Each structure stands twice: as structure tokens, then as C-alpha cells.
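[1] I'll drop the sequence and a predicted model, then ask my questions.
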Amino acid sequence: MPTNLNTNTDSNSQPVMTRSRSISPIWFLPFIAAILAIWILIENITHRNVQISIHFTNAGGIIVDKTKVRYKGVIVGTVKKVELDEVDGVNVIAEIESHATFLLKEKSKLWLVSPKASLTSITGLDTLFSGSYINILPGEGDDATEFMAAAEQPITIPDNALLLNLTSNSADSITIGTPIFFKKIQVGEVARVRLDKSGKRVTIQAFIEKKYSSLVKQKSKFWNISGLNANLSRSGVEFKLDSLTTLIAGGITFNSPDDSEPAEKNQVYQLFDNIADSKQGLSITLQLNNTNNLPKRAGILFKGHGIGRVDNIRYDTESQLFVAEATINPAFSELVTESAEFWVEQASLSFSKIENLSNLITGDYISFSHGENYLDEAQKTQFMVKSHQPQSQDNLSLTVIADNADGLSENAPVTYKGLTIGQIRALSLTNDSNHIQAVVQINQPFTYLINSQSKFHLLSGVNVKASLQGVEVNSKPIQNIIQGGIALYNEKPVNKQTTNAIKQNHNFYLYASKEMAKLGKDAFTTPLQVKLLSKELPSVTVGSPVYYHKLAIGEVSDLTLHDTSLMQTTININPKFKHLINDQTIFWNVSGFAVDAGLSGITVNAQSLLSIATGGIAIELLPGVTTNKNQDGTYRLYDDYQQATQPTKQVTLLFDDASDLKVGNKVKLKGLEIGEISGLTLNKSNRVVATLDIMNTYFEKVAKQGSRFWVVRSDISLSGAKNLSTLISGVFINVTPGQGKVKNQFEGEDEAPLLDTDKIGLTLVLYTDNAGSTNITSPIYHRQIQIGEVTDKRLNNNASGVEIMINIYPEFAHLIRENSIFWPVSGFNLDIGITGAALKAASLTSLLKGGISMSTTDNKPLQPAASNYSTFKLKTRLNKDWLDWKLSIPN
């Protein structure tokens, strides 16, 4: 049965359903979506991108969707379209982002930025990588979407800049962007250049940056510094260039008077062509003794910086001086006081001095220096211009006495251990005219180095010390090489605490070298004078040094002709070295160089580098020497060291004719030079006497009885060429030594002896009907080997035949036997037969010179050797069987 679940429930309780009065939360979702839609709609309306149109003359460099629009380097838009304009040019459609629409005003300017290089500037280099872009400069006015592109970047005037107006007769090189300088620092720029309404004047609008605006005063004056100014006059060509920028882009500068009120905005100023026209600065008058190479408009420089210029130069008849009217830059006018000094900087071009070389083109200029207390001194406007820079009162002035002015010049440096401590200010003669007086200025920081023991010596550019032991070259800086100078030498160290007792204009002596300064030579001691005699003048000049073991001990003082017709060289020996001159002293020339040329080459013999440059004489002490002095007490000057230490001895030769001989021809022994011809004279018999100077080493070998001297010449003939070297070096005398007693006079021979001593062997006589082609020196052959030669040929006693004298060389004498036979092999044999013709010759030599051949029969036993002067019959022709003989002949 069913169970009643509501048995305990009130029968009247039934469910009651009622309608709720609140809004369901589900409706919030569409509400929020609606609000978002409205917000997005408002954002799209208020922040939508704006399209603008920019008119360009051409679209070069502009690419759709790539070319950007930028403002201060930030991308604010992109080119979307490029279309042709119906009238001219192109229209570029660009989309500007919504956040940059505030830039789009009526006076906003847009221009294309692309790489551009000109003489004045280089811009747009960043576009080489990113491509060209359009830049925007915001302006004023209402909103706009159509713009005309600017041809170039507009000038940007900084905020709060001072605006000025300048007027000029012409624009010259002034353009938009021309910089404005104050003391060569850019402080502003030209913003606009145009003609005024009348067309007669140029109006220039410019601005000065705010931080420099206080420099422009109501009394300020502006002038042009553009380009290159040139002034051509008789005294030279003057160029003025403020900077490379002003040369290319032009430039303007101005002054800032202290006694003037600040400039007002848009104040009008006159733009002058130059500073002279502006009449600014301090006007001064300069007096000059002369105006050599000083042009009108010459500059006035202070420490290398231009501070003024000469405006006009005139001559004053009363003072007989030139008067120059000049203007000093206002910035430097306070320096021109009573102690100020002016002097002319002149060009100097010489081997001793190179200074202000540019002045040769631009003309000289005037230098200026102010006094130390110029702030406490009154201003001065009239000055005397000095010819050189004045000395400082704190500098030390000294007088240096020199024997001569060699190596000295004005403005040459004074050095100490290579450091320049002063300079030579002036050179003059002493009162007695015997010495040179040099005024030396020592700079103040180095005056403590000078004391009573200080010494000065000549400082040449290159010191060359030369002797037989070698050459020493000591090079100084290039300034000393060109200009010379002097050096300070202190034997003991000097420090700044040392009391300096030297007064102004103290006298010092100038030593010739540092070595001489160390020795401390007395400056006024009379040198020892020595006279040297020689046949020829040595390659020296007055002032050439005299050396003893590399040390200069004197110099050549005079060159003249002696009474004996010899050349006299006078030398002065330093008093410190007088003891080196005595009876044992020898002198020789170390000057120049000798050249020996021949077919084997060219030999150059130079004693030293110094001797080539200046010449010189050397001395040495040679104990036991007796030939170094002449009878009158003068010394002999030898040609070289070998001649001085080993004097030559003389041999005389007699010749009938000496047309090829000259003084200086060499004498040779077995190829060695042993002397030379020193003289050629005629004796009473009109024979030529040749005097030979033979070296002492070889004299005893050749000055003996039996020695033979002959002339060696070149010989060219069909048989050969000999001694061709004499064509260049000249003929020479050859000698073969004898074995007899001492003898010094010989008969000279024109030709070499027929036989050398070592080739004289077996003498034989050949007799024949005629000599044929045989001649003296014709060879003697055995089996076509030369074993001797013909020494003579003559008719026999009754003239019925010919006798030919031959010499068989010693090493072949044993080949000649009593039964040996001889036949001629001169010329050639021509055999003609049915089979043809045969031309035969023993050798080329025999073809040219003739010859004789010999052999000994092998059909008989070996016969005794032939004796001297044995006679043989010369066969008339060859028997062919003789060529087959092969007799063995032992030595």
C-alpha cells in the first residue's frame, strides 16, 4: 500500500511563486561590450592617422612604403603614394601617425633629406644606410594637409636668439648659413640675404645665440672676413686667409666695446668689407729706417698670432724715417704700453741660415712683445721699429773672440751638450782688425752655466777626423750643418747654486774644436810658421788642417811660389805643438784622391774623406831621416806617406827619342810598380834624359850593371795585339834587373829585348839560299810545338846566301842533335791534282809570321847534342817521310 509522506504536513501549505524586482547580472556583459565599442570608436575617430600631400619638383630618392617622415629623428609617418602633379612636379602622399598630427600646421616645412656633399658642408650621411627620408619642421597657423616641399633644409633660429640686421653694398661671399665669429669662435649665423626695396643695398638678417648675445653692443662694428685677400706689390705678394671655412663659406666678425650698452633686437648695423674699413682698434705710429720687403698691409704678429696690420707707409723728410700707420686689434690694445717693442721679421735664405722662408712670397712682417708690467704702464702709440728681435735684459751678453769667421753667422745657435742655450747676435772685427768679435747672448735660464773657466769652441755641422788609421765622422743636427754655431764646454760640472761672477760683455776665446778647448790653447800666442816646398802645389787651401795622429795641430796659412821656382806651402802650428817640429819631422800631403785607370778596371785611392773635402797635411816624427829638409832650412813636402817614410832614389835613362814618354809614367818590375818618371830633359848631346824615381825597396835590385830598361807600348798587328792597357794608362818603363855592380845611369831601349833572360838557350846558325818569309821572332817548331824563335837573319860573308840565327829555349836544347834537319813551314802549300786542290798551312802563326820546323831521323842511332853556334842546312821543302820520324830523345 502506498505510504503517505506528508502525513504530518498541513494540508493548506502550497508552493507560492513570485516575480523578482532586481536586474539579472547577465545583462552587464552586453553593457560592457557596448561601452568598449563606443570607446574604440572614439579612439579611432580621435587618433586616426592623417594623410597629407607634399609637392616636390621630383621624386628622386622617394620609395613608396619605405621612405619615412621624421621629426627630430623619430619616425612619424610613411610615404604611401607618389603621383604626378597635373601642372608640374610630383605629389607625395604620406600617412602621418595620429600622435604627430600637431606638427601639421600651415607654416610647417617639409624637405627631403638625402646625402649631399659640397665645398661648405657634408649632410645626410646617415641616409647612405637608411635611405632618404622626409624631415618636418613644425610651424604656426591652422591645421593643414597640403604642403610645398622646401628645396633645402631651412635655417633654424635657436630660441631666444638675438636677431640682427646688417646692411652692405654687396653680398660678396655672404650666403644663408654664413657663420658669424667672435675671436674666431662661431657665435651666430646668417639666416637671410636679400636686396632692399631700392635695390642698391643688401640686407642681411642674422642671429646671435643667446649665450653670446651679450657680446653684441650698440657700438659694435661688423666686418667681412670672407674668402682669400691678396695684395700684390713691388715688395711681394700678401695673402690673408682667416680659416678654410671662411675661404669656402664666408664669414663675419665683430668687436665688443666695453663702454657700450647691449644691442637691441633687430638693431641695424653696417657690414664693412674689412677691419681697416671699420676703423676699429688702437691706431699707432711706427718709425722704420727702411721698408725693404715690408709691404703695405703688412701684418703685426704677437707670438705668431695676428693682432694688427700696417695701414699706410709714408716717408718723413724731417726725421728721414719711414712712418707706418698701423691698427692694433682692440682685444690686444691693452698690451701696447711704454715697454712694448716692435721689430721686423725678415726672410733669410742661405747655407748658414734659413728663416721665415714664407716671407719671400708674402713679404716681411712686424713682430711685437709687451713688457712684463704692462698692466701698470700707460698706453703708448708711437714706437721705433728695430731690425732684429731685442734682447731680454735678463739674458747674459758675452763677447767671443775668434781667429776668423769660418762657421759663424748671425743668429747661429749656442749649444751646451746639444741643447740650445743662446745665439750669436752680431759679428764684427776687433779694434785691431786681427780677430773676429762675436756678440753672444745666453738665455736667462742658462746663465748659471757660464763662469770664468768656461770655454767656447766652434760647432760645425759634420766633424770629420781623418788620418792613415781611418776616418771618423761626427754628425751634428741639421741646424748646425746648415748654420754652424758654437758650443760651451765646462771642464767641471756646474750647478745652479754656483755663484756666477761673470759680468755682461765678458771676453772669451773661441777654440777651433772641443779638443783644442780641452787643451786650453792661449788665444794670443803667436803660432809657429813652417815653410814646405814641393814640385807641385798640393790640393789644399788656406785654412786646410795640419794633422798629427788625427789631431789638428795647425792649418795652412799661405800658398805661393818659392825663389827656387818650387811651390811653397806655409803652415801655422799651434803653439801647444811646437815641440813636434824638429829635424826628425816629415810632412806629406793627404789631399784629394788619385785615379788609376786601365783595362783591368779603375782604382780610386783617397787618403781620407776630409782630404777630398778640404785637403790637409800630415806630420810624423821619423828618427834618422836626412832627406826631409832643404839646404835653406825649409822642409820637403812629400806626395804621400810612403814617399815620406821611404824616400825614392833616382836612376837616369838616355833615349834618342822620347815622344811617348811623359812625367808620371810608371816604372814596373815584373808587373809591380816600383817608381815613375819624375823628369824629362835634354843633355848637351841632345839626347833625352829620363829621371826615374825608384822606391827605396827596389832600388838596389835594378840599379846594377846588366839591368835593361825599355818602353812598353801597345802593339797591334796581324800576328796579334799586345799591351792594350797602355792605350788608357799610357806607356810605361819595364825593367829586368842585372847582376853587376851598382849603377844609376842606363841606355833606354825603345823596344823590349828580343829574348828574356830565362829564355836564352842554344844558339844555332841555319844557312840557305834565301830567307823566304822567315822573319825575326818567327817560331821554331818540333811536332808543331814552339821550341825557339828566330833572333836574326843576315847575308853571309860573300853574299852568296843567307844566315839565320835561331835560339832554342833551354828546356828544348837537348832535342837538337848533330844530324837534325830544319825546313821552312812559312806561308801555305797548294797542291792541285785530278781529285782537286789542297791548301795546307802548319799554323796560323806560321801563315802570318813564317816559321821553321825541325826533326831528327830515327834510321840512325841517337847522335850527340848540338853545341852552341852549330850550323845546319835549311832544307828548301818538306819531305813527307820526315813527319813519320819518331826518334826517342831523352832529356
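    Alright, I've got the coordinates.

[2] ok, whichever strand or helix holds residue 95: who's next to it in the sheet?
    Following DSSP states H and E, one finds residue 95 within strand 90-96. Within its sheet, strand 90-96 is paired with strand 50-56 (antiparallel), strand 74-84 (antiparallel), according to DSSP bridges.

[3] got a list of what residue 442 touches?
    When contacts are counted by C-beta atoms under 8 Å, 6 or more residues apart in numbering, residue 442 touches 395, 396, 397, 398, 414, 421, 422, 449, 450. The way it works is simple: take the backbone N, C-alpha and C, and place the C-beta from them, glycine included.

[4] so which pair among those is furthest apart in space?
    Within these, 397 and 449 form the most distant pair, 14.6 Å apart (C-beta to C-beta).

[5] Between the two, which is the more surrounded one?
    The residue with more neighbours, out of residue 397 and residue 449 and counting by other C-beta atoms under 10 Å, is residue 449; that gives 22 against 16.

[6] pLDDT score for the nearest residue to the more buried one once chain neighbours are set aside?
    The shortest distance from residue 449 to any non-neighbouring residue, by C-beta to C-beta, 6 or more residues apart in numbering, is to residue 494 (5.4 Å). Model confidence at residue 494, given as pLDDT, is 83.

[7] Could you measure from residue 494 over to residue 417?
    Spatial separation of residue 494 from residue 417 under the definition C-beta to C-beta, to the nearest Å is 11 Å.

[8] The two: who's more crowded?
    Per other C-beta under 10 Å, whichever of residue 494 and residue 417 has more neighbours is residue 494, with 17 against 10.

[9] ok so, going back, now the strands paired with strand 90-96 as a markdown table including mean pLDDT and mean neighbour count?
    Formatted as a markdown table, the strands paired with strand 90-96 follow (pLDDT from 0 to 100; neighbours: other C-beta atoms under 10 Å):
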| stretch | mean pLDDT | mean neighbour count |
| --- | --- | --- |
| strand 50-56 | 89 | 18 |
| strand 74-84 | 90 | 16 |
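
[10] Show me how far stretch 771-781 is from its chain's centre.
    Average the C-alpha atoms of stretch 771-781, do the same for its chain, and the two points are 68 Å apart (C-alpha atoms, centre = their mean, to the nearest Å).

[11] Buried residues, it. List them.
    If you call a residue buried by 16 or more other C-beta atoms under 10 Å, then stretch 771-781 has these buried ones: 771, 772, 774, 775, 778, 779, 780, 781.

[12] So which of the residues you listed belong to strands?
    Within the buried residues of stretch 771-781, residues falling in strands by DSSP state E are 779, 780, 781.

[13] Now the last one: closest residue in space, sequence neighbours ignored.
    If you skip the residues right next to it in sequence, residue 781 has residue 853 as its closest partner in space, 4.4 Å away by C-beta to C-beta, 6+ apart.

[14] any idea how far stretch 883-891 is from the chain center?
    On the basis of C-alpha atoms, centre = their mean, stretch 883-891 sits 78 Å off its chain's mean C-alpha point.

[15] which residues are in contact with that stretch?
    Counting by C-beta under 8 Å, 6+ apart, 814, 815, 817, 855, 856, 857, 858, 862 sit against stretch 883-891.

[16] Compare those residues and tell me which has the most neighbours.
    The most crowded member of those, judged by other C-beta under 10 Å, is residue 815 (23 neighbours).

[17] Was I right to think that one contacts residue 781?
    No. No contact is recorded between residue 815 and residue 781 when judged using C-beta atoms under 8 Å, the distance being 11.0 Å.
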